[in-house]
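Undergrad: Below: sequence and its predicted model.
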Amino acid sequence: MAFFLEALSGGLMAGMLYSLVALGFVLIFKASGVFNFAQGAMVLFAALAMARFAEWIPQWLGIDSQLQANLLAFLLAGLCMFAVAWAVERLVLRHLVNQEAATLLMATLGISYFLEGLGQSLFGSNIYQINIGMPKDPIFLLESIFEGGILVNKEDLYAALIAAVLVASLSLFFQKTGTGRALRAVADDHQAAQSIGIALNRIWVIVWCVAGVVALVAGMIWGSKLGVQFSLSTVALRALPVIILGGLTSVPGAIIGGLIVGVGEKLSEVYLGPLIGGGIEIWFAYVLALVFLLFRPQGLFGEKMIDRV
């Protein structure tokens, strides 16, 4: 039982990180109808900014405290992501209103490649580390219940808690604030939202800013775990099965889909991997997503696309 709970907890913690990346896709799609293939590049760009500012700020200001340097680096990286959001809306989206989905998709692909190139030009192309003080040693939980306890990695636990706090904060933002309600109104019906005075351009800037903050937190966590390198942009590919399962238009779906994928990957690798040679964790989520595409393409909580037309 303890071994099962170890695998389950590891899957849940990984699933929260998947949910965090998937949220960026869902937020932008709900508000603008754009499937943002640049989300992975946004994670990379934000992580590069965070890593390099944390390295440069002590040199610029003579700060010895790692905590202060990280806080200032986070704020500066956040400002960079806000600038990216503003530029995307002003220079790209504003000129592509009411265009075909394929045109918008190609636009986000272009943004993705541009951000990767810009990140390399501004921050360099080496592998960088983000040290935000998350402990990497394991701990044992529930030792009084299970012999030997349940082994949990502290870094994974802290990362999952950070992701959970951000997800909960976004949920409250959407439910309790006027801006959040405006975002939901735009997601439900663009024309109706415009008819009551909601400015779509302003909403798009806000939602891209929120997606930028999500990308920054995701990049900070993944960069702390794996190092900041250009392969980090592929983390978005891990979120694709999540949004297929949960639904491209559902914030709760992104959360639940992430947990399903994380747990499914971990348990299948642990229990089925030895029987068929391992490697299940690499492809399990994509096979599960394919099954959903065949039998429930809108996902668990998403709307049928015909309903949005």
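TA: Noted; the coordinates are in hand. Numbering: from 1, shown residues only.
Undergrad: and the helix or strand harbouring A22, what's its mean pLDDT?
TA: Taking DSSP states H and E as the criterion, A22 maps to helix 2-32. Taken as a whole, helix 2-32 has an average pLDDT of 83.
Undergrad: One more: stretch 83-103?
TA: The average pLDDT within stretch 83-103 is 82.
Undergrad: on that earlier part again, how about the helix holding A22: buried residues?
TA: Residues of helix 2-32 classed as buried by neighbour count (16 or more other CB atoms under 10 Å): 2, 5-32. The way it works is simple: take the backbone N, C-alpha and C, and place the C-beta from them, glycine included.
Undergrad: Need the residues that contact stretch 145-153.
TA: Contacts of stretch 145-153 with the rest of the structure, by CB atoms under 8 Å, 6 or more residues apart in numbering, involve 1-2, 5-6, 9-10, 13, 136, 138-143.
Undergrad: And the residues you listed, which is closest to R184?
TA: M13 (29.0 Å; CB to CB).
Undergrad: wait, that closest one sits on G262?
TA: Yes: M13 lies in contact with G262 (CB atoms under 8 Å); the separation is 7.2 Å.
Undergrad: now L293, what's its secondary structure?
TA: Secondary structure assignment for L293 (DSSP: H, G, I helix; E, B strand; the rest coil): helix.
Undergrad: From what I see, it and I244 are in contact.
TA: Yes: the pair L293 / I244 is scored as a contact, 6.3 Å apart, by CB under 8 Å.
Undergrad: the more surrounded of the two?
TA: I244 (27 against 14; other CB atoms under 10 Å).
Undergrad: And that one, how close does it get to L5?
TA: Note on I244: its distance to L5, by CB to CB, to the nearest Å, is 28 Å.
Undergrad: And for F25?
TA: F25 sits 31 Å away from L5, going by CB to CB.
Undergrad: And I198, by the same measure?
TA: I198 is 47 Å from L5, where distance means CB to CB.
Undergrad: which of the contacts of stretch 145-153 lies closest to V186?
TA: Minimum distance to V186 across the contacts of stretch 145-153 is 32.8 Å, recorded for M13 (CB to CB).
Undergrad: what's the neighbour count on the closest residue in space to the closest one that isn't next to it in sequence?
TA: Nearest non-adjacent residue to M13, counting by CB to CB, 6 or more residues apart in numbering: A160, 3.8 Å away. By the criterion of other CB under 10 Å, A160 has 24 neighbours.
Undergrad: Check which helix or strand A160 maps to.
TA: Per DSSP H and E: helix 154-176 holds A160.
Undergrad: Mind listing what's buried along that helix?
TA: 155-160, 162-164, 166-167, 170, 174.
Undergrad: do the same with stretch 142-152
TA: Within stretch 142-152, judged by 16+ other CB under 10 Å, the buried ones are 149-150, 152.
Undergrad: Which of those residues fall in strands?
TA: 150, 152 (DSSP state E).
Undergrad: what's the lowest-pLDDT member of the buried residues of stretch 142-152?
TA: Among the buried residues of stretch 142-152, G149 has the lowest pLDDT, at 70.
Undergrad: ok, I276 - contacts?
TA: I276 touches nothing, counting by CB under 8 Å, 6+ apart.
Undergrad: cool, and F29?
TA: Here F29 is in contact with 35-36, 248-249 (CB under 8 Å, 6+ apart).
Undergrad: now stretch 167-179: how far from the chain's centre is it?
TA: A distance of 17 Å separates the centroid of the chain from that of stretch 167-179, by CA atoms, centre = their mean, to the nearest Å.
Undergrad: Many thanks, have a good one.
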